[in-house]
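J.: sequence-free structure coming up:
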């Protein structure tokens, strides 16, 4: 039950509240976890995040725990398997994009670029703590526009500036918990230790 002062968006859904309270906005530096979140945010395009969150375990099973080395080896049979998996969002374009994204991520790594460094370098490897009230939080920023352009230049898809900003919020690149939310100060403290 959502019984604390928090951002309005999780409302009373226990799964959404747990995600808000435990994950959203926490600075993430694990390259596998960052890649998973980027892929899931791509699947979210045109849908609500709670839809993806409810399917996250099925996505993890379908995409080999979001291990980019395994996903990069997916072929046509795997794509057809995923297209027939009712537990995930069955969009061929998004599935193919996820497989291509794994290959791009591995290619970056083989060329000496760690995915964490690639993602966090856009803002100097430091989380940003914003001080917004509900209704003031932007849907995109100059930085998310720059990151979207960078991702697209490498071949990533489903990564426009709005999706990228949602990703930045989720992985703690920006702390967009409202100032009245109990997590705002907690996340701000986490950012100071980096």
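T.: Received the coordinates, thanks. In this text the structure is predicted, and so the values were computed from the model without any measurement.
J.: For the chain, just list every one of the strands.
T.: In the chain, the strands defined using DSSP state E lie at 128-129, 174-175.
J.: Okay, now the sheet partners of the last one, with direction.
T.: Looking back up the chat, that one is strand 174-175. Under the criterion DSSP bridges, strand 174-175 sits next to strand 128-129 (parallel) in its sheet.
J.: just for the protein, where's the confidence low?
T.: 1-3, 194 (pLDDT under 70).
J.: Excluding sequence neighbours, find me the nearest residue to residue 59.
T.: Among residues not flanking residue 59 along the chain, residue 88 sits closest, at 5.3 Å (C-beta to C-beta, 6 or more residues apart in numbering). For every residue, glycine as well, the C-beta is placed using N, CA and C.
J.: Please name the residues that touch the one you found.
T.: Going by C-beta atoms under 8 Å, 6 or more residues apart in numbering, residue 88 touches 43, 55, 58, 59, 62, 82.
J.: just checking, which of these belong to helices?
T.: 43, 55, 58, 59, 62, 82 (DSSP state H).
J.: can you redo those residues as a markdown table with distance to residue 152?
T.: Shown next, in a markdown table, are the ones in helices among the contacts of residue 88 (distance: C-beta to C-beta, whole Å):
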| residue | distance to residue 152 |
| --- | --- |
| 43 | 17 |
| 55 | 25 |
| 58 | 28 |
| 59 | 23 |
| 62 | 25 |
| 82 | 23 |
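J.: Select only the buried ones of these in ChimeraX?
T.: Applied in ChimeraX, the following selects the buried portion of the ones in helices among the contacts of residue 88 according to 16 or more other C-beta atoms under 10 Å:
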select :43,55,59,62,82
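J.: What is the most widely separated pair among the ones in helices among the contacts of residue 88?
T.: Longest distance between any two of the ones in helices among the contacts of residue 88 is 12.2 Å, between 55 and 82; criterion C-beta to C-beta.
J.: tell me the helices in this structure, going along the chain?
T.: Under DSSP H, the chain gives helices at 14-22, 31-44, 49-62, 68-71, 76-83, 92-110, 115-120, 142-154, 161-170, 182-192.
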